[in-house]
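> sequence first, predicted model second:
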Amino acid sequence: MENETLRVFLQEAQDLIRDLKRLGASLRTVDIPSDEEYARLTELTNKLNRLIGGTASMGFSMFTPLARKTSVLAARTTISRETSIREVILNLNALISVCSMYYGSLEDIQELELRLADVEKRIDVCMQLLEITKTLDIKDQKDVDDILSMFRDV
């Protein structure tokens, strides 16, 4: 990976993490979200997907399965419903906190790769809380598309 490409990626990742922290903090005390709060939750999950997906696209292939899951998570949060998001935000904020420690250098991201099982557990909890039941079955883009088609039918 070229130094300039890596530098730009790390800067963008750090900017995303700052946004994620801000959004997560703004939702920390929310139980049943308003439309505005759902919009912030959707922005948060979209940016998380961009962070994880961007990491995968930079050649860190171990992030690819997580990117599929965060893609589904982001799609699910676009569907507003009268359900508490408190536990989801708690888990997302913990996930963001962990990620924030590992986007300073190439070595940091490689260190995060060793902790991806813990990151994935947080994502899986969020998916279960949002009633996404096929979390373990996501192996490729077709699985993501199948799950997203279920949301369109809701």
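Cool, the structure landed. Numbers count the residues shown, from 1 in each chain.

> what's residue 101 sitting at in phi/psi?
Backbone torsions for residue 101, taken as degrees, to the nearest 10, come to phi -90, psi -10.

> how about residue 131?
For residue 131, the backbone dihedrals are phi 60, psi 30 (criterion: degrees, to the nearest 10).

> how near is the spatially closest residue to it that is not a sequence neighbour to residue 9?
Spatial nearest neighbour of residue 131, chain neighbours left out: residue 76 (7.9 Å); criterion: CB to CB, 6 or more residues apart in numbering. Using the backbone N, CA and C atoms, a C-beta is placed for each residue, glycine as well. Going from residue 76 to residue 9 by CB to CB, to the nearest Å gives 27 Å.

> then residue 3?
According to CB to CB, residue 3 stands 11 Å off from residue 9.

> helices along this protein, start to end?
For the chain, the helices defined by DSSP state H occupy 3-26, 35-57, 64-76, 86-100, 106-113, 116-129, 141-152.

> will you turn those into CSV that also has mean pLDDT?
Shown next, in CSV, are these (pLDDT from 0 to 100):
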stretch, mean pLDDT
helix 3-26, 96
helix 35-57, 96
helix 64-76, 92
helix 86-100, 96
helix 106-113, 95
helix 116-129, 93
helix 141-152, 59
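
> if you compare those helices, which one is most tucked away?
Of all the helices of the chain, helix 64-76 carries the top mean neighbour count, a mean of 21, counting by mean count of other CB atoms under 10 Å.

> what sits against the spatially most central residue of the chain?
The centre of the chain sits closest to residue 48, judged by CA atoms, centre = their mean, with a distance of 3.6 Å. Going by CB atoms under 8 Å, 6 or more residues apart in numbering, residue 48 touches 20, 70, 73-74, 92, 95-96.

> same thing but 6 Å
Counting by CB atoms under 6 Å, 6 or more residues apart in numbering, residue 48 touches residue 70.
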